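Student: starting from these lines, generate the structure:
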Amino acid sequence: MINGILAAEELLASRVAYTFRTYPKQITAAIAAALLSAGTLAVASLGPDASDLPVQQVLEATAPLSFAEQSESLENFSFTLFRTDITRSSDTAEALLKRLGISDPAATAFVRASGEARNALFARAGRTITAEATQENQLKKLSARWIPDGDGGFKRFVIERTAVGFVALTERDTLTPGTRLASGTIRTSLFAATDDSRVPDSVASQLADIFAGDVDVRALRKGDRFAVVYETFEADGQALRSGRVLSAEFESGGKVHQAVWFQPPGQKGSYYRPNGDSLRKAYLSSPVEFSRVSSGFAMRMHPILNSWRQHNGIDFAAPTGTAVRSVGDGTVDFAGTQSGYGNIVIIKHRNNQQTAYAHLSRVDVKAGESISQGQTIGAVGATGWATGPHLHFEFRVNGEYQDPASIAQEGGAPITAAMRPAFERIAVGARTELAAAFSVIQASAD
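Tutor: This next block holds a predicted model:
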């Protein structure tokens, strides 16, 4: 009985979603007309006809303000200016305040002399700074917010002008969880489209991983579309960090692909198709986010040895320091240095499979450590036999080299019968949200 009701809800939600995507203008016009009609009836029923009301004429003498009074009023009028910017690695007190439009020697001197202010504003680039200034560009208040490493909350640093001068205060507060919905249309690439839609890079990377088995994000065509609902963590209304993708949809090549995050009580969560099939892969498609393949699994001229050799892995071009993640669950078999590999991490997976990550600039794990899929294990570098910064990635089965491009295998079980009613309720809601996002795209295009 419950399954029947849920199936009916799903069918109704799907039809509503389809109707909104197909006829957004017509539905908007119909709703507007209905509201207008309702509003007209309501106004008509509130009182007598306006033509029946008596007409009264009111005369009142006014005295214009003198020029002196107008000038005094203007001089006494004040307002506050608000400006926001991002800190840079090259910032000084003078440079940051000037970029914020502040012309205040006393404020500059305070920031320069305060160790607390220098640590809050210049310890790390990329922090959002908000300044409140008078109309004379004198600083009234300056604030910065950021998430400390390994901390679930956030820090708020404030400089404020008082009657006795500037004072500074650093506070700790709790992040507010929320969700955001975004959508976009592909014109050149997925990551260009997510940038246009102001979707964080970490969310775009999750989209690529979630749909790795269904959609080749490197081969998306112009006109393909996506929508996504994801977690945010905010401080005083400002989003400081994005979290997990909660649901997502791709329309690519005439096919619709959907994913819903579901976590049963006391168990690990995962992504599923609306029918309950798991989208989890045994391995991620790439160990490095936002990278390109610079050398594949094939014969090539070795750049250092100058001889034709089999390249037993895939090279991913990326800047030094770029995070390297494990493509699957496993245990660290080796973490250290090996001749031409330089700094390398080797992870042992199930079924006698191994992955290797070489030329690292740093190693963040130790031998024997348990590793989860997606966990950072080191950073891109150019150690060993490398002519430039990149990651050399290998996949081995029973000690034999295999093409890493072939390792994204199915790795998850479908939704169980016991969990299906709870999953269906989440899936219906997710489809409704995603359909609403696509209706916004359609309305904008029309």
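
Student: for the stretch 51-200 of the chain, just list every one of the strands.
Tutor: 80-86, 128-134, 139-146, 154-162, 165-173, 176-185 (DSSP state E, counting those that start in this stretch).

Student: dump these to TSV, plus mean neighbour count and mean pLDDT.
Tutor: Quick note: C-beta positions are derived from backbone N, CA and C, even for glycine. Putting those into TSV (neighbours: other Cβ atoms under 10 Å; pLDDT from 0 to 100) gives the following:
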stretch	mean neighbour count	mean pLDDT
strand 80-86	13	87
strand 128-134	19	90
strand 139-146	20	91
strand 154-162	17	92
strand 165-173	13	91
strand 176-185	16	90
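
Student: out of these, nearest to Ile377?
Tutor: strand 139-146 (25.5 Å; Cβ to Cβ).

Student: number of residues surrounding the nearest residue to Ala382 once chain neighbours are set aside?
Tutor: Among residues not flanking Ala382 along the chain, Pro389 sits closest, at 4.7 Å (Cβ to Cβ, 6 or more residues apart in numbering). Using other Cβ atoms under 10 Å, Pro389 has 18 neighbouring residues.

Student: kindly report the same for Val363.
Tutor: Val363: 20 neighbours (other Cβ under 10 Å).

Student: ok, what's across the strand from it?
Tutor: Beta bridges link Val363 to Gly378 when assigned by DSSP bridges.

Student: quick one: the longest helix seen in the chain to strand 176-185, angle?
Tutor: In the chain, taking DSSP state H as the definition, the longest helix is helix 420-445. If you take axes from the mean of the first three to the mean of the last three Cα atoms, to 10 degrees, helix 420-445 sits at 50 degrees to strand 176-185.

Student: coming back round to it: which residues touch the residue nearest to Ala382?
Tutor: Applying Cβ atoms under 8 Å, 6 or more residues apart in numbering to Pro389 gives the contacts Ala317, Ala318, Pro319, Thr320, His359, Ser361, Val380, Gly381, Ala382.

Student: mind checking how far the first one is from Phe393?
Tutor: If you measure Ala317 against Phe393 using Cβ to Cβ, to the nearest Å, the figure is 12 Å.

Student: of the two, who's got more company?
Tutor: Under the criterion of other Cβ under 10 Å, the comparison of Ala317 against Phe393 puts Phe393 first, with 22 against 16.

Student: summarise which helices and strands the host helix or strand of that one is packed against.
Tutor: Per DSSP states H and E, Phe393 falls inside strand 390-397. Packing partners of strand 390-397 (3 or more Cβ pairs under 8 Å, 6 or more residues apart in numbering; DSSP states H and E): strand 314-317, strand 353-360, strand 400-402.

Student: can you do 10 Å?
Tutor: In this structure, strand 390-397 makes packing contacts with strand 292-295, strand 314-317, strand 342-349, strand 353-360, strand 400-402, judged by 3 or more Cβ pairs under 10 Å, 6 or more residues apart in numbering; DSSP states H and E.

Student: partners of the fourth one in the sheet?
Tutor: Using DSSP bridges, the neighbouring strands of strand 353-360 in the sheet come out as strand 342-349 (antiparallel), strand 390-397 (antiparallel).

Student: pLDDT of that strand, averaged?
Tutor: Strand 353-360 shows a mean pLDDT of 94 in the predicted model.

Student: can you pull the alpha-carbon coordinates of it into PDB?
Tutor: Output in PDB follows, covering the C-alpha atoms of strand 353-360 (Å, rounded to 0.1, in the frame of the first residue of the first chain):
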ATOM      1  CA  GLN A 353      44.400  -4.400  -6.900                       C
ATOM      2  CA  GLN A 354      46.800  -1.400  -6.300                       C
ATOM      3  CA  THR A 355      47.000   2.200  -7.300                       C
ATOM      4  CA  ALA A 356      50.200   4.300  -7.300                       C
ATOM      5  CA  TYR A 357      50.600   8.100  -7.100                       C
ATOM      6  CA  ALA A 358      54.100   9.300  -8.000                       C
ATOM      7  CA  HIS A 359      56.300  12.500  -8.200                       C
ATOM      8  CA  LEU A 360      54.500  13.900  -5.200                       C
END
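
Student: and that strand, how far from the chain's centre?
Tutor: Relative to the centre of its chain, strand 353-360 is centred 28 Å away, using Cα atoms, centre = their mean, to the nearest Å.

Student: now stretch 252-261
Tutor: On the basis of Cα atoms, centre = their mean, stretch 252-261 sits 19 Å off its chain's mean C-alpha point.

Student: which parts of it are buried?
Tutor: For stretch 252-261, the neighbour count (16 or more other Cβ atoms under 10 Å) marks Ser252, His257, Gln258, Ala259, Val260, Trp261 as buried.

Student: and for stretch 360-371?
Tutor: For stretch 360-371, burial by neighbour count (16+ other Cβ under 10 Å) applies to Leu360, Ser361, Val363, Val365, Ile371.

Student: which two among those are spaced furthest apart?
Tutor: Greatest spacing in the buried residues of stretch 360-371, by Cβ to Cβ: Ser361 and Ile371 (18.8 Å).

Student: can you give me the neighbour number for Arg431?
Tutor: Arg431: 20 neighbours (other Cβ under 10 Å).

Student: and Thr170, what does it touch?
Tutor: When contacts are counted by Cβ atoms under 10 Å, 6 or more residues apart in numbering, Thr170 touches Glu116, Ala117, Asn119, Ala120, Ala144, Lys155, Arg156, Phe157, Val158.

Student: who are the neighbours in contact with the first one?
Tutor: So the one you mean is Glu116. By Cβ under 10 Å, 6+ apart, the contact list for Glu116 reads Phe157, Ile159, Ala168, Leu169, Thr170.

Student: helix or strand right after the top strand by length along the chain?
Tutor: Counting residues, the longest strand in the chain under DSSP state E turns out to be strand 238-252. Next helix or strand after strand 238-252 toward the C-terminus (DSSP H and E): strand 255-262.

Student: show me which residues of the helix or strand following that following strand are buried.
Tutor: Scanning forward in sequence from strand 255-262 by DSSP H and E, the next helix or strand is strand 270-272. Neighbour counts using 16+ other Cβ under 10 Å place Ser270, Tyr271, Tyr272 of strand 270-272 among the buried residues.

Student: mind checking pLDDT for the last one?
Tutor: Right, the one you point to is Tyr272. Per-residue pLDDT puts Tyr272 at 94.

Student: offset the numbering so it begins at 18, please.
Tutor: Let's use 18 as the start, then, which means that last one is Tyr289.

Student: ok, what's across the strand from it?
Tutor: With DSSP bridges as the rule, Tyr289 is bridged to Val277, Ser295.

Student: quick one: contacts for it?
Tutor: Contact analysis of Tyr289 by Cβ under 10 Å, 6+ apart lists 275-279, 295-297, 429, 431-432, 440, 443-444.
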